[in-house]
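my questions concern the predicted model and sequence given below.
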Amino acid sequence: MTKLRLAIIGAGPAGIYAADLAVKAEKNFDLSIDLFDRLPAPYGLVRYGVAPDHPRIKGIISALREVLDRGDIRFFGNVNYGTDITLEDLKKHYNAVIFATGSIKDAPLDVPGMDLEGSYGAADFVSWYDGHPDVPREWPLTAKEVAVIGNGNVALDVARILAKHPEDLLPTEIPGNVFDGLATSPVTDVHVFGRRGPAQVKFTPLELRELGEIRDVDMIVHDEDFDYDEASKTAIATNKQVFVIDKVLNQWRAREVGQASRRLHLHFYAKPLEILDDGTGRVGGFRWERTEPDGAGGVRGTGEIREIPVQAVYRAVGYFGSPLVDVPFDERRGVIPNREGQVIDDADEPLNGVYATGWIKRGPVGLIGHTKSDAMETLSHVLSDQGNWWTPEEPAEESVDALLEARGVAFTTVDGWHRLDAHELALGEAVGRTRIKVVPRDEMTTISRAG
Ligand SMILES: Cc1cc2nc3c(=O)[nH]c(=O)nc-3n(C[C@H](O)[C@H](O)[C@H](O)COP(=O)(O)OP(=O)(O)OC[C@H]3O[C@@H](n4cnc5c(N)ncnc54)[C@H](O)[C@@H]3O)c2cc1C
């Protein structure tokens, strides 16, 4: 009987689902899986992307944890593919590898002023408020008026976290430095800009509705944005999501505002033109062009230019994958080029033994659940490609531990995650909170390896 020694790089949902599905798949060979992540803790963007005030989604961690707790998948945290372990190493110890490295960076936005001080990527801010160990502990929250560019759920997450009073985030797992940072914020107005109309947004009704429930924050929408064209009317009549979004927005139009100390403004039909300099190299304003429906579901510019004073701009225009050493990369799409998860080279030929799944396979769109169907597709190729697997020189499981130890890599394990998890819960319990995340990497690693 053959044995498949499978390495999976990335312990976000895509990597964990792929491992789980591989274990459960019908197969006529034995299987052993090692799951690597550059971070000391598993779960990828579920831990470091999903907003802290979305406990139901964060709860997916419990299901992912059950997979790791079963004991048939080994987890090696704090191991960076490309430096701590290379493709050459993987070929020596495994039959195949699945890359599930996701995305953590912001897609660029090509407007003048992007590099001014006070212009930020949403992904960096998300990493900060979700306690990612590799970003600075401090975030400059000095702006009273802020612009958020984008009309997807990440834009709404960023706008919500900026607008919320920090005390209302205390029931969540936010780290101390994040609470302290948010508590200094003098923000009064958060403006969200989308280039199209309310019937073409990318965010979902649940995320939108939540904005209207934030304590002491008025929702401001503008009547001029609701003069719908035929394409928008059709979308509202035929698409349940769009119908609900329109309904929620119209409820806000009818609300009385003016009492709250903070406001969250939604501006539609606004194409970003420029982030304005205040004269000292800092963000001083935001300029946009009013657009209008083009009759086909899109928009065109009207030539009408508007601007408002803001002291910070966050672009939430999507995430973008990062290239991996010795692995092909599509610079335009920010993904590993592949056919149904089978990685292909420059000549469009399959690279034996190399697969991809999750956001690094199909781009940074879609919910956690999508990574499961994705993993299924990739895995079907891994399992049926037996004739093309690598032939490792050192297939024994212990050889991987020995390799990492010899290199001085302080790797963490599933037991280590249990220790860190228990530590974070205890930190929370001590002050009447559910959990407080540990942020510094060395502290995470020390606690995890203390067993
Ligand atoms: C801000 C934000 C909010 C979101 N909110 C929701 C939500 O509410 N509901 C929902 O369903 N979905 C949400 N999503 C989407 C969800 O997070 C993704 O669908 C999902 O995380 C993608 O999974 P993945 O495993 O492909 O990537 P990731 O979750 O990014 O996991 C990739 C893993 O690979 C690791 N890695 C990267 N490079 C290396 C390397 N060189 N070596 C070793 N390891 C490496 C990373 O550390 C990470 O742990 C949100 C996404 C974002 C960005």
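Now that the structure is in, tell me what you want to look at. Numbers count the residues shown, from 1 in each chain.

chain center to stretch 55-68, what's the gap?
Distance of stretch 55-68 from the chain centroid (CA atoms, centre = their mean, to the nearest Å) equals 16 Å.

mean confidence for it?
The predicted model gives stretch 55-68 an average pLDDT of 95.

let the chain start at 782 from now.
Noted, 782 is the first residue going forward, which turns the last one into stretch 836-849.

can that stretch be said to contact the ligand?
Yes - counting by CB under 6 Å from any ligand atom, the ligand has neighbours in stretch 836-849: I838. (Glycine included, C-beta is placed from N, CA and C.)

wait, what's in contact with the closest residue in space to Q981 that isn't next to it in sequence?
Leaving aside its chain neighbours, Q981 sits nearest to G1078 (6.8 Å; criterion: CB to CB, 6 or more residues apart in numbering). The contact partners of G1078, by CB atoms under 8 Å, 6 or more residues apart in numbering, come to Q981, A1012, S1013, A1016.

for the helix or strand containing the last one, buried residues please.
Using DSSP states H and E, the secondary-structure element containing A1016 is helix 1011-1019. Burial within helix 1011-1019, assessed by neighbour count using 16 or more other CB atoms under 10 Å, is assigned to A1012, S1013, A1016, I1017.

pull up the residues of this protein that are close to the ligand.
So far as CB under 6 Å from any ligand atom goes, the chain lies against the ligand at 790-796, 817-820, 825-827, 830-831, 835, 838, 861-863, 881-884, 907, 935, 938, 1100, 1105, 1139-1140, 1147-1149, 1152.

my guess is D970 contacts V929, does it?
No - judged on CB atoms under 8 Å, D970 makes no contact with V929 at a distance of 11.1 Å.

who has more neighbours, those two?
Applying other CB atoms under 10 Å to D970 and V929 shows that V929 carries more neighbours, namely 32 against 20.

from G975, how far off is that one?
10 Å (CB to CB, to the nearest Å).

what is in contact with those two at once?
Taking CB under 8 Å, 6+ apart as the criterion, V929 and G975 both touch A936.

middle-most residue in this structure, spatially?
Central residue of the chain (CA atoms, centre = their mean): G830, 4.2 Å from the mean position.

just give the closest residue to it, not the sequence neighbours.
Leaving out its chain neighbours, the residue that sits closest to G830 by CB to CB, 6+ apart is V907, at 5.9 Å.

now do A806
Per CB to CB, 6+ apart, closest to A806 is L1164, 5.9 Å.

from the residues of the chain next to the ligand, which land in helices?
Of the residues of the chain next to the ligand, the ones assigned to helices by DSSP state H are P794, A795, G796, G825, L826, V827, I838, V907, V935, D938, W1140, T1152.

what score does the first one have for pLDDT?
Pointing back at P794 there. According to the prediction, P794 has pLDDT 98.

right, and it touches G1139 too?
Yes - with contact defined as CB under 8 Å, P794 counts as touching G1139 (7.1 Å).

mutual contacts of the two, please.
By CB under 8 Å, 6+ apart, the residues touching both P794 and G1139 are T1152.

more neighbours: those two, which one.
Neighbours were counted for P794 and for G1139 using other CB under 10 Å; G1139 has more, 33 against 30.

what sits against the more buried one?
G1139 neighbours (CB under 8 Å, 6+ apart): G791, G793, P794, A795, G796, A799, A881, T882, G883, T1152, D1155, A1156.

give me the residue from the stretch 832-981 of the chain nearest the ligand.
Using CB to the nearest ligand atom, the closest approach of the stretch 832-981 of the chain to the ligand is made by G883 at 2.2 Å.

list phi and psi for that residue.
Per-residue torsions, G883: phi 60, psi -150 (degrees, to the nearest 10).

could you do A792 as well?
Torsion angles, degrees, to the nearest 10, at A792: phi -110, psi 40.

for it, give its distance to H1003.
Relative to H1003, and taking CB to CB, A792 is found at 44 Å.

then V1190?
Distance, V1190 to H1003, by CB to CB: 54 Å.

the two - which one has more neighbours?
More crowded of V1190 and H1003, by other CB under 10 Å: V1190, with 16 against 12.

does the more buried one touch T864 like I think?
No - the criterion here is CB under 8 Å, and V1190 misses it with T864 at 9.2 Å.

show me the contacts for G978.
Neighbours of G978 in contact, by CB under 8 Å, 6+ apart: D1006, Y1009, D1010, S1013, F1049, Y1050, P1074, V1080.

meant to ask about E1088, not that
So, once contact is read as CB under 8 Å, 6+ apart, E1088 ends up touching L1057, G1066, F1067, R1068, W1069.

contacting residues for the third one?
If you count contacts by CB under 8 Å, 6+ apart, F1067 has them with A928, H972, F974, P1053, E1055, I1056, L1057, E1088, I1089, V1091, V1094.

and with 7 Å instead?
The contact partners of F1067, taken as CB atoms under 7 Å, 6 or more residues apart in numbering, are A928, I1056, L1057, E1088, I1089, V1091, V1094.

same deal with the fourth one?
Under the criterion of CB under 7 Å, 6+ apart, the neighbours of R1068 are L1054, E1055, L1057, I1086, E1088.

got those residues as a markdown table, with pLDDT and secondary structure columns?
Listed next are the contacts of R1068 as a markdown table, based on pLDDT from 0 to 100; DSSP: H, G, I helix; E, B strand; the rest coil:
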| residue | pLDDT | secondary structure |
| --- | --- | --- |
| L1054 | 98 | strand |
| E1055 | 98 | strand |
| L1057 | 98 | strand |
| I1086 | 98 | strand |
| E1088 | 97 | strand |
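
can the residues you listed go into CSV with extra columns for distance to S1180?
Below are the contacts of R1068 laid out as CSV (distance: CB to CB, whole Å):
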residue, distance to S1180
L1054, 57
E1055, 56
L1057, 58
I1086, 64
E1088, 62
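
and these, which are buried?
L1054, E1055, L1057.

and those residues as TSV, adding distance to K805?
Converted to TSV, the buried ones among the contacts of R1068 look like this (distance: CB to CB, whole Å):
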residue	distance to K805
L1054	52
E1055	53
L1057	55
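
what strand or helix carries I1089?
strand 1080-1090.

residue of the stretch 1082-1231 of the chain nearest the ligand, please.
G1139 (2.3 Å).

point out where the stretch 782-931 of the chain drops to low pLDDT.
782 (pLDDT under 70).

how far away is L787 from the ligand?
Per CB to the nearest ligand atom, to the nearest Å, L787 is found 15 Å from the ligand.

check the offset of the helix holding A1016 from the chain's centre.
Centroid separation between helix 1011-1019 and its chain, computed with CA atoms, centre = their mean, is 30 Å.

contacts for it, please.
Residues outside helix 1011-1019 that contact it (CB under 7 Å, 6+ apart): G978, A980, V1023, F1024, D1027, P1074, G1076, A1077, G1078.
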